[in-house]
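*Asks:* what would the 3D arrangement of this be:
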Amino acid sequence: MRGRHMDTIESLRPDDTIWLGEYFIVLRRRKWSVIVVTLVAVLAALLYARQQTPIYESSARVNATTVFQAQGQGVTAPQMETEQAFVTSDLVTKCAQLIVEDAGFRSDPSSQPDLVTICSAPALEGIELDRSLQHSLHVTSTQSSTVMAIAFNSASRRSAQIYAQAFGLAYIYERTAQAQSQLDQLRAPLLDDQDHLSEQISTYNQRIGGATADAITAANNGEQPTVILAINQKIQDLSAKRDAAQQQLNNITLALQNLDPSRLNPPQLMLPAGLPIDPVSPNVPVIGLFGLLIGLAVGVALALLRERLDDGLRGRADLERNLGVPVLAVIPRVPGWRNKQEARLIAREQPKSAVAEAYRTLRTSISFISAQRRLKVLMVCSPGAGEGKTMTAANLALVLADAGRRVVLVSADLRKPRLHRFFNLPNNIGLSSVLANEAQPWEAILDPGVENLKVLPSGPVPGRPAELLQSEQMGEVLAGLREVADFVVIDTAPLLLVADALALAPLADGMLFVADADRTSRGAVAHSREQLEQVGATLIGSILNNFDPAKATAYRYYGGYYGAYRYGYGGRYGQYGGDTHELNENGRVGREQPVLEIPRDQR
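*Replies:* The predicted model follows:
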C-alpha cells in the first residue's frame, strides 16, 4: 500500500527531457576529470612534439616571366601552374643537384656559379636523379601574382638554404635555356635564308656588272642597236631579280632583329634563400592546441559518461523523482565537521547557523503535514548507515521542543545505538529493557535537560532486535507515548541493512527518509521505496542531508525555505480544523492536552 502523498508527487515529477544547462552543470561537477584528461592530452602532445626531428624550411622567391614574347603579340602573363610544375621537373632537379655539388656554391650560396658549365647537357646526362629532393620541395604562389616561393625542407638549416637557393637558380637557368633554345630554333632557318639571299644578290651584282661591261663594249664597237637593246634588257632583268632578293633579305633581317636574344626576359631571383632560425616542424603550438582540443573532447565525453554511469543522487529533484515524495528540507553540510561519528546537536550548538535554520524549516513542514493529517508518530529512516538519520532525528526533536511541542525521542536502533550520545545520556536502560519487560516506560524515559523533550534510549543491545520491535509490547509503548506527547520521533536502524525499520514502519503515522547528498545512491533510494511500499509504510517526505552549498548551482532549484506549500500542504493553521490544533496568541498551534509529565522520582 502506498501513502497518499506518493500519489500527489507523481504528477509533479519532472520530465526526462534534456535541459541544456545540465551539460554545463555536469561539466562543473566533473571539472577535475575534464582538467586532468586535458592536461594529460596536452602533455602527451608536447612530449610527442619533443620526440620529433626538427625540420627547417628555407625559401627563395623568384619572379616568373614569359621569357620569350614574339613580336606583334600582346604581353601575356606566365601560366603559374606550368611554372610551378617546371620547378619540380626532373630537368630542374638534376641541375639543382649539380649546383649543390659545386664546392664554391656550398661554401657561399649567395654566389653566382657558372651554370652554363655546371648544368651542361653532358653533365645533366651523367647525373642520377634523386627524387627524394622533389618530396622535400614545395612551390607556392599567391593568386594574381607571378612571384613563386620555392621552399625546401630539411633536418639541417644549411641544407634547407642551399637546396632552396639551388632550385631557384636552376629554374631560372633552365627556363632561360629553354627560351634560348626555342629562339635558336626560330632563327636557324632565317639565318640560312639570309646567307642564301646574300649569295644570290652577290651573283646578281656580278652578272649585272658583266652585262654592263658588254653593253659599253658593244656601243664602242658600233654594234647593231638590236644587240645593245638586248644587253640592256638583260641588265634590267637581273636588276629586278636582285631587287626582289634584296627585299627578301631585308624582311629576313627584320625578322632576325625581332628574334634577337636581347629580347629575352628571363625570370629573376627576387629574394635569395636565407638560413632558417626556427624549425617549421614540429609546430609545438599547433600540436599543443590539437592536444588541448582532443583532451577537452575526451574529457567532456568522459565526464558525461561518468555522469551517465554515476548512481549517486544529483540533488533535490533527483531524490524526489526516485523516492516519489517531496524533499521537506535540505540540510547543509556542517562546516569543519569531519568526524561523522561525533554526536552534535547543531540546532543547540549553532542556533543561528544555516544548518539550524534548515532543521527549523523541516519543523515547519512537519507541522503543516501533521496539522493536516494528524500525525504524531514519526519514524526517521535511511537506506544505509552514516547517512545522518540519527542526527536528523535528534535535531528535529530538539527544534520541535523549542517550538513548544511535547516531544518524545525514541532510539529504536537496537543494534548500533547512538542517539543517547547526542544528549550525553546513559544507555544502561532503555527501549530494549521495556520490550523485554525488564522496566516500565517511565523508568526508561530520561530528561535531557531540554524543556518539552524526553528521550527514550535504546538500552542494552538485545539478541533478537527485530522480534522485539515487532512485538505487541512495542505497539503498546507507542500507544502510551501518543497519549502524552505531541510528537514521537523514532530513530531506527538502516532500511537496507536490517529488517528493524520495516518492522516498525506500520506502527508509525509517517516516515521521514534521510538521504546523504554524497553517499546515498539512486538505486538505494529506489530499493528503499519498494521496501516501504511492500509493508504499507506512509512516506510523507524526505530530507537531503550533508548538502554542499557550494554545489547549489549544480541543481535546478535549491533553498532552505522550500516548504510544504508547493505540495498542497499550505494554508493557515486555523484551516486544519479540530479542537487540538488552534492558533494560540503566540502564533503556535494550541493544544488541549497537558504537558508531558513523568513522576519526578521516576525520571
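
*Asks:* in what helix or strand does Val489 lie?
*Replies:* strand 487-491 (DSSP states H and E).

*Asks:* pairing partners for that strand, with directions?
*Replies:* Sheet partners assigned to strand 487-491 using DSSP bridges are listed as strand 377-381 (parallel), strand 407-411 (parallel).

*Asks:* need the residues that contact that strand.
*Replies:* Under the criterion C-beta atoms under 8 Å, 6 or more residues apart in numbering, residues 366, 370, 376-380, 389-390, 393-394, 396-397, 400, 405-413, 419, 478, 481-482, 504, 508 lie in contact with strand 487-491. Where C-beta positions appear, they are placed from N, C-alpha and C, glycine not excepted.

*Asks:* what average pLDDT does it get?
*Replies:* The predicted model gives strand 487-491 an average pLDDT of 95.

*Asks:* circling back to that earlier point, would JSON lines of the strands paired with strand 487-491 with mean neighbour count be doable?
*Replies:* Listed next are the strands paired with strand 487-491 as JSON lines, based on neighbours: other C-beta atoms under 10 Å:
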{"stretch": "strand 377-381", "mean neighbour count": "26"}
{"stretch": "strand 407-411", "mean neighbour count": "28"}
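
*Asks:* may I see the ones you listed arranged in TSV, with distance to Ile331 and mean pLDDT as well?
*Replies:* Output for the strands paired with strand 487-491, formatted as TSV (distance: least, C-beta to C-beta, whole Å; pLDDT from 0 to 100):
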stretch	distance to Ile331	mean pLDDT
strand 377-381	12	94
strand 407-411	17	95
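
*Asks:* quick one: the strands in this structure?
*Replies:* 56-63, 137-141, 147-154, 268-271, 327-332, 377-381, 407-411, 453-456, 487-491, 510-516, 539-547 (DSSP state E).

*Asks:* quick one: the residue lying closest to Val26 once chain neighbours are set aside from Asp318, how far?
*Replies:* Spatially, and ignoring its direct neighbours in sequence, Val26 is nearest to Glu307 (4.6 Å; C-beta to C-beta, 6 or more residues apart in numbering). Computed as C-beta to C-beta, to the nearest Å, the Glu307 to Asp318 distance reads 12 Å.

*Asks:* again with Gln194
*Replies:* 102 Å.

*Asks:* check Asp516 too.
*Replies:* According to C-beta to C-beta, Asp516 and Asp318 sit 13 Å apart.

*Asks:* Ile445 now?
*Replies:* Ile445 is 39 Å from Asp318, by C-beta to C-beta.

*Asks:* between those two, which one's more packed in?
*Replies:* With neighbours defined as other C-beta atoms under 10 Å, Ile445 and Asp318 compare such that Ile445 has more, 25 against 20.

*Asks:* surely that one and Leu453 touch.
*Replies:* No - using C-beta atoms under 8 Å, Ile445 is not in contact with Leu453, being 10.6 Å away.

*Asks:* now for these two: what residues contact both?
*Replies:* Residues touching both Ile445 and Leu453 by C-beta under 8 Å, 6+ apart: Val408.

*Asks:* what's around Pro506, how many residues?
*Replies:* The burial count for Pro506: 13, using other C-beta under 10 Å.

*Asks:* can you give me the pLDDT of it?
*Replies:* 90.

*Asks:* then the one 4 residues further on?
*Replies:* In this prediction, Gly510 carries a pLDDT score of 93.

*Asks:* for it, name its beta-bridge partners.
*Replies:* Judged by DSSP bridges, the bridge partners of Gly510 are Leu378.

*Asks:* residues in contact with it?
*Replies:* So Gly510 contacts Gly3, Ile369, Arg373, Leu375, Val377, Leu378, Met379, Thr538, Leu539, Ile540 (C-beta under 8 Å, 6+ apart).

*Asks:* between those, which is closest to Pro276?
*Replies:* Distance ranking of these against Pro276, using C-beta to C-beta, places Leu539 first at 75.8 Å.

*Asks:* now do the closest one against Asn428, distance only.
*Replies:* Going from Leu539 to Asn428 by C-beta to C-beta gives 34 Å.

*Asks:* where does the stretch 201-350 of the chain dip in pLDDT?
*Replies:* 335-342 (pLDDT under 70).

*Asks:* neighbours of Arg207, how many?
*Replies:* So Arg207, with other C-beta under 10 Å, has 17 neighbours.

*Asks:* err, Gln180, not the other one
*Replies:* Applying other C-beta under 10 Å, we find 15 residues neighbouring Gln180.

*Asks:* one more: the one 10 residues further on?
*Replies:* Counted by other C-beta under 10 Å, the residues lying close to Leu190 total 17.

*Asks:* got it, and Thr76?
*Replies:* Thr76 has 8 nearby residues by other C-beta under 10 Å.

*Asks:* so it touches Val67, yeah?
*Replies:* No - with contact defined as C-beta under 8 Å, Thr76 does not reach Val67; the gap is 11.5 Å.

*Asks:* how is this protein divided into domains?
*Replies:* 23-52+282-306, 56-271, 311-570 (automatic domain parsing).

*Asks:* got the contact list for the residue most central in space within the chain?
*Replies:* Nearest to the mean C-alpha position of the chain, counting by C-alpha atoms, centre = their mean, stands Leu296 at 3.3 Å. By C-beta under 8 Å, 6+ apart, Leu296 lies in contact with Val34, Thr38, Ala41.
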